[in-house]
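> quick one: sequence plus predicted model below, questions after.
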Amino acid sequence: MSNPKASLPVIRRLPRYFRYITELRDSGKTRVSSSQLAAIMGSTPSQVRQDFNCFGGFGQQGIGYSVELLHDEIEQLLFPNDNINAILVGAGSLGATIANFVLTDTEGVNLTAIFDNNINLVGKTLNNIKILNADTIVEYCHQNKVDLIIACIPKSAAEKFAPVLVQTGVKGVWNFTHFDFSIYDKSLVVENVHLRDSLMALSYRINHKDIEEE
């Protein structure tokens, strides 16, 4: 595997490759061709080969790809070091759902702490993790290795939290708010997840399906 220099669209496809390849491995498949992967991905064999060539390529001409090797190589690209240590800010209904997802349906991420400013939640547990006072986030991040903050708070709270987030020294944010944290720190790596935007886009596609298919 060469030094990876890939565009953002290619990077965003990597988790999908990893998901499908994991399913192939778990089903007992040992080899897969670019044509087979393209059919699963809804792309083309050329696109698959171009994507993998961004990382040095993983297959042999005419033989295809070893599923096990492909799985291990992409896993190394996605999680090159030890597991990512994450904290979650916002223990409401969305935060509870995301915490459960991270703890049960993801790999490579350790959820180490949960924070909230609601005194009725502080001290209680969520997925067996004690909810801590949001006022202690900076102190916690300075005393522990924290790579990622998962933000599940309202936009108004996110605006107030932004300066605090910068003080933590954390460089990654999985952002479920409607506020852009990178405004405060351009070095932050922010992955914005806008559920409402996604739903509206789906609504448009449902209602304009005839136009989309032209």
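Yep, that arrived.

> burial of Pro15, as a residue count?
Counted with other CB atoms under 10 Å, the neighbours of Pro15 add up to 11. Every residue, glycine included, has its C-beta placed from N, CA and C.

> then Ala134?
21.

> enumerate every residue touching Tyr184.
Counting by CB atoms under 8 Å, 6 or more residues apart in numbering, Tyr184 touches 162-163, 165-166.

> show me which of the residues you listed are buried.
Buried residues within the contacts of Tyr184, counting neighbours by 16 or more other CB atoms under 10 Å: 162, 165.

> quick one: which of the contacts of Tyr184 sit in helices?
Secondary structure from DSSP state H places 162-163, 165-166 of these in helices.

> once you drop chain neighbours, what's closest to Val189?
Among residues not flanking Val189 along the chain, Gly172 sits closest, at 4.7 Å (CB to CB, 6 or more residues apart in numbering).

> which residues does the one you found contact?
Residues near Gly172 by CB under 8 Å, 6+ apart: 84, 147-149, 188-191.

> let me know the closest of the residues you listed to Asp180.
For the contacts of Gly172, the minimum distance to Asp180 (CB to CB) is 7.0 Å, reached by Val190.

> I'd guessed the closest one sits against Phe176; true?
No: counting by CB atoms under 8 Å, Val190 does not reach Phe176; the two are 11.2 Å apart.

> tell me which of the two has more neighbours.
Phe176 (22 against 16).

> tell me the spacing between the more buried one and Phe101.
11 Å (CB to CB, to the nearest Å).

> and the next element down the chain from the biggest helix by length in the chain?
When the chain is parsed with DSSP H, its longest helix is helix 8-26. Beyond helix 8-26 in the direction of the C-terminus, DSSP states H and E gives the next helix or strand as strand 31-32.

> after that next one, next one along is what?
Taking DSSP H and E, what comes next after strand 31-32 is helix 34-41.

> list of residues touching that following helix?
With contacts defined as CB under 8 Å, 6+ apart, helix 34-41 is touched by 13, 16-17, 20-21, 44-49, 59, 64-65.

> mind checking how far that helix is from the chain centre?
Mean-position distance between helix 34-41 and its chain equals 23 Å (CA atoms, centre = their mean, to the nearest Å).

> ok, Thr22 to Pro15 distance?
The gap separating Thr22 from Pro15 is 10 Å, by CB to CB.
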